[in-house]
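Student: I would like to see how this sequence folds:
(one chain, ligands or ions: 2)
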Amino acid sequence: MSQAEIRVAVLGARGRMGTEAVSAVDGAEDMELVARLGRSDSLDLVRESGATHIVDLSVPDATEENVRFAVEHGIHAVVGTTGWDDERLGRLQALLAQHPDTGVLIAPNFALGSVLATAFAAKAARYFESAEIIELHHPDKVDAPSGTAARTAQLMGRARREAGVAPSPDATTQDPDGARGATVEDVHVHAVRLRGLVAHQEVLLGSAGEQLTLRHDSFDRASFMPGVLLGLRTVASRPGLTHGLDGYLDLGL
Ligand SMILES: NC(=O)C1=CN([C@@H]2O[C@H](COP(=O)(O)OP(=O)(O)OC[C@H]3O[C@@H](n4cnc5c(N)ncnc54)[C@H](OP(=O)(O)O)[C@@H]3O)[C@@H](O)[C@H]2O)C=CC1
Ligand SMILES: O=C(O)C1=N[C@H](C(=O)O)C[C@H](O)C1
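Tutor: Ligands and ions are numbered 1, 2, ... in the order given. From the prediction side, this is the model:
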């Protein structure tokens with residue numbers, strides 16, 4: 001049997017997303033699943049398995065070290081794990097400059113609908129006086145706000161700033177318990193954690209007399225798998241850092 005060109009090690013393989021990714025890679029005819037790593041496994045297993053790609057679906061505290069290891073060994077990385085702030089992204093870009101043939105995709109969300117909703121929100125943000133985000137997730141999620149909400153707010157805030165739009169009006173002077181949520185780039189982000197949910201987000205845009213709501217729902221982690229596979233099939237042909245699966249799509253926005 002000939003060796004597949006895309007030989008994949010899944011990091012976080014026993015987690016909620018990792019389990020799905022293992023099945024998806026296993027079922028893809030053009031890929032070979034060569035390693036499954038958990039918390040207590042040495043990263044040397046990745047190298048020893050002959051992996052050409054990793055999928056990182058671990059935890060925010062581990063993901064930077066995992067990706068660094070991959071890049072240093074010329075292994076392409078598709079990363080769904082959250083926690084990639086500007087500081088980490090900067091360090092990754094500096095590392096990639098020393099490994100110009102290696103590709104990394106940092107994807108805050110692999111679901112196509114979510115990627116589209118974020119792009120629409122960024123496009124619409126400048127046209128409304130007020131903009132807020134509500135993200136809703138399962139209660140076992142370790143971080144808040146979600147990576148998707150943080151990225152959406154960042155892109156919306158950036159678009160508003162570049163268009164010279166004033167911050168959303170807000171007369172609140174007393175909020176001792178943080179009821180107005182987190183603020184990312186001047187966009188308020190509210191996080192709901194509720195048993196029964198998977199991953200959901202609403203972007204609310206308001207002006208006098210009207211509201212635009214952009215809502216996306218992942219009801220099942222199957223929704224993320226086409227994006228994971230697209231990432232694996234594309235990342236080697238896109239050396240350097242790509243932030244967001246939209247970088248591999250032709251959204252024409
Ligand atoms: N981009 C996207 O579309 C999506 C991203 N996510 C993100 O993916 C991440 C994982 O989510 P989820 O699957 O729900 O989380 P889980 O807690 O279910 O899974 C995380 C897994 O990571 C493992 N782990 C911990 N440390 C390491 C390490 N150092 N190396 C390898 N594996 C490690 C844990 O291992 P062990 O089993 O050994 O304890 C656990 O199985 C989160 O950051 C989440 O926000 C989630 C959904 C979609
Ligand atoms: O932890 C999750 O479940 C999810 N994490 C990602 C995030 O923080 O945005 C993607 C999706 O929302 C599911």
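Student: contacts and neighbour counts: CA atoms only from here.
Tutor: Fine.
Student: Helices along the stretch 101-250 of the chain, start to end?
Tutor: 112-124, 147-162, 225-234 (DSSP state H, counting those that start in this stretch).
Student: nearest to ligand 2, of these?
Tutor: helix 147-162 (3.6 Å; CA to the nearest ligand atom).
Student: what's the angle from that closest one to helix 112-124?
Tutor: 20 degrees (axes from the mean of the first three to the mean of the last three CA atoms, to 10 degrees).
Student: in helix 147-162, what's buried?
Tutor: Residues 147-161 are the ones in helix 147-162 that count as buried (16 or more other CA atoms under 10 Å).
Student: Those residues also near ligand 2: which ones?
Tutor: For ligand 2, the contacts drawn from the buried residues of helix 147-162 by CA under 6 Å from any ligand atom are 147-148.
Student: Give me the contacts around stretch 242-253.
Tutor: Stretch 242-253 has contacts (CA atoms under 8 Å, 6 or more residues apart in numbering) with 103-110, 115-116, 119, 123, 227, 231, 234.
Student: Any chance of TSV for the helices of the stretch 101-250 of the chain, columns mean pLDDT?
Tutor: Formatted as TSV, the helices of the stretch 101-250 of the chain follow (pLDDT from 0 to 100):
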stretch	mean pLDDT
helix 112-124	98
helix 147-162	98
helix 225-234	98
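Student: I'd like to know which of the ones you listed lies nearest to ligand 1.
Tutor: Among the helices of the stretch 101-250 of the chain, helix 147-162 comes nearest to ligand 1, with 6.6 Å by CA to the nearest ligand atom.
Student: touching ligand 1 at all, that closest one?
Tutor: No - using CA under 6 Å from any ligand atom, helix 147-162 stays clear of ligand 1, coming no nearer than 6.6 Å.
Student: ok, now stretch 128-135?
Tutor: No - against ligand 1, stretch 128-135 shows no contacts by CA under 6 Å from any ligand atom, the least distance being 12.2 Å.
Student: Could you confirm whether any residue of that stretch contacts ligand 2?
Tutor: No - for a cut-off given as CA under 6 Å from any ligand atom, stretch 128-135 has no contacts with ligand 2; the smallest distance is 7.9 Å.
Student: which other residues reach that stretch?
Tutor: 125, 145-146, 149, 153, 165-169, 187-192, 199-207.
Student: and that stretch, average pLDDT?
Tutor: What stretch 128-135 shows for mean pLDDT is 98.
Student: can you check stretch 89-97 too?
Tutor: 98.
Student: Around ligand 2, which positions in the stretch 1-150 of the chain sit nearby?
Tutor: So the stretch 1-150 of the chain meets ligand 2 at 82, 108-109, 141, 146-148 (CA under 6 Å from any ligand atom).
Student: Make a ChimeraX selection of the buried ones in those residues.
Tutor: Restricted to buried positions by 16+ other CA under 10 Å, the ChimeraX selection for these reads:
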select :82,108,109,146,147,148
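Student: Which ones among the residues of the stretch 1-150 of the chain next to ligand 2 lie within strands?
Tutor: The strands, defined by DSSP state E, take in nothing from those.
Student: quick revisit: in a markdown table, list the helices of the stretch 101-250 of the chain along with distance to residue 133.
Tutor: Output for those, formatted as a markdown table (distance: least, CA to CA, whole Å):
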| stretch | distance to residue 133 |
| --- | --- |
| helix 112-124 | 10 |
| helix 147-162 | 7 |
| helix 225-234 | 23 |
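Student: so which of these comes closest to residue 55?
Tutor: helix 225-234 (7.9 Å; CA to CA).
Student: For that closest one, what is the distance to the chain centroid?
Tutor: Distance of helix 225-234 from the chain centroid (CA atoms, centre = their mean, to the nearest Å) equals 13 Å.
Student: related to what we said a few turns ago, ok, of the buried residues of helix 147-162, which one's closest to residue 97?
Tutor: residue 151 (23.5 Å).
Student: Run a quick check on that closest one versus residue 107, I expect a contact.
Tutor: No - assessed by CA atoms under 8 Å, residue 151 is found out of contact with residue 107, at 9.8 Å.
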